[in-house]
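# can you look at this prediction? I've put the sequence above it.
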Amino acid sequence: MSALLEISGLEVAYGPSQVLFGLDLSMNESEAATLLGRNGMGKTTTLRAICGLQAVKAGTIRFAGERIDGQRPDRIGRAGIALVPEGRQCFPNLTVDEHLVAFFANRRGVGEPWTPARVYDLFPRLLERSKNLGNQLSGGEQQMLAIGRALVTNPRLLILDEATEGLAPLIREEIWACLSRLRADGQSILVVDKYVEKLIGLADRHTIIERGQVVWHGTSAELDADHGIWHRYLGI
């Protein structure tokens, strides 16, 4: 089986400061995977490189067999990658409805596509706020909207960067339940988050990076069995 996403020897720098040093990562279709590590180790930079938001210095990024490193973000998005960014980045002057309608697309001709109505079924709270502007939503509601906005593009790969950061515990649980539902439906997901216990229950495989390099890679069972890895590389 060929990988859905395959990163090989990835190097990224911000001016003279190099952040990623030969990073390798791969995941298959319908798989959930994580990218773990302490703050400042290169996780968000990796996601930005995948999405074309950060220039690649060296290495390759392939999606569904095609090289996407060096392509524009809009072309990568149309290829089937959707990012739920850190900080949500909802448009303050668009309503919930307008967000979902504006981003809706079914370029791959999915039989049962994600539509605004399906997003409202996933997050009933958004239906109640459908006429509210982005800046009138709570942090949790904005995060639901950011996920819904990504889903209505009907991506092959959904990427989430710190999707539960700063949320109240009850809202976090709602987000985890949403991701579990997506995972059960076969959605390919790549997640960056700090709640390792939740990620073990969600994902198939995990990659830990430190100082821009992969230091560990394995399954949920392997990560769960060795908490020494958590303390060594994740500060838990």
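It's in. Numbers count the residues shown, from 1 in each chain.
# please count neighbours and contacts with C-alpha atoms only from this point.
Noted.
# dump the residue contacts of residue 233.
37-38, 208-210 (Cα atoms under 8 Å, 6 or more residues apart in numbering).
# and it, that's in a helix?
Yes. Read with DSSP: H, G, I helix; E, B strand; the rest coil, residue 233 is one of the residues of a helix.
# and it, what's its pLDDT?
As predicted, residue 233 sits at a pLDDT of 93.
# and the contacts of residue 233, which is closest to residue 83?
The shortest approach to residue 83 among the contacts of residue 233 belongs to residue 37, at 18.9 Å (Cα to Cα).
# burial count for the closest residue in space to residue 127 that isn't next to it in sequence?
Once flanking residues are discounted, residue 127 sits nearest to residue 120: 5.3 Å by Cα to Cα, 6 or more residues apart in numbering. For residue 120, the neighbour count with other Cα atoms under 10 Å is 20.
# doesn't residue 120 belong to a strand?
No. Counting by three-state DSSP, residue 120 is not part of a strand but helix.
# ok so, going back, widest-spaced pair of the contacts of residue 233?
Longest span within the contacts of residue 233, Cα to Cα: 38 and 208, 9.0 Å.
# more neighbours, those two?
Comparing residue 38 with residue 208 by other Cα under 10 Å, the one with more neighbours is residue 208, at 22 against 17.
# now the more buried one: which helix or strand?
strand 205-210 (DSSP states H and E).
# mind saving the C-alpha coords of that strand as CSV?
Taking Å, rounded to 0.1, in the frame of the first residue of the first chain, the C-alpha atoms of strand 205-210 are listed here in CSV:
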residue,chain,number,x,y,z
ARG,A,205,0.8,5.6,14.9
HIS,A,206,2.8,8.4,16.5
THR,A,207,5.9,10.3,15.6
ILE,A,208,7.9,12.2,18.2
ILE,A,209,10.3,15.0,17.2
GLU,A,210,12.9,16.9,19.1
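# that strand pairs with which strands?
Here strand 205-210 has these sheet partners by DSSP bridges: strand 32-36 (parallel), strand 213-219 (antiparallel).
# as JSON lines, those with mean neighbour count and mean pLDDT would be great.
Output for the strands paired with strand 205-210, formatted as JSON lines (neighbours: other Cα atoms under 10 Å; pLDDT from 0 to 100):
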{"stretch": "strand 32-36", "mean neighbour count": "26", "mean pLDDT": "97"}
{"stretch": "strand 213-219", "mean neighbour count": "16", "mean pLDDT": "96"}
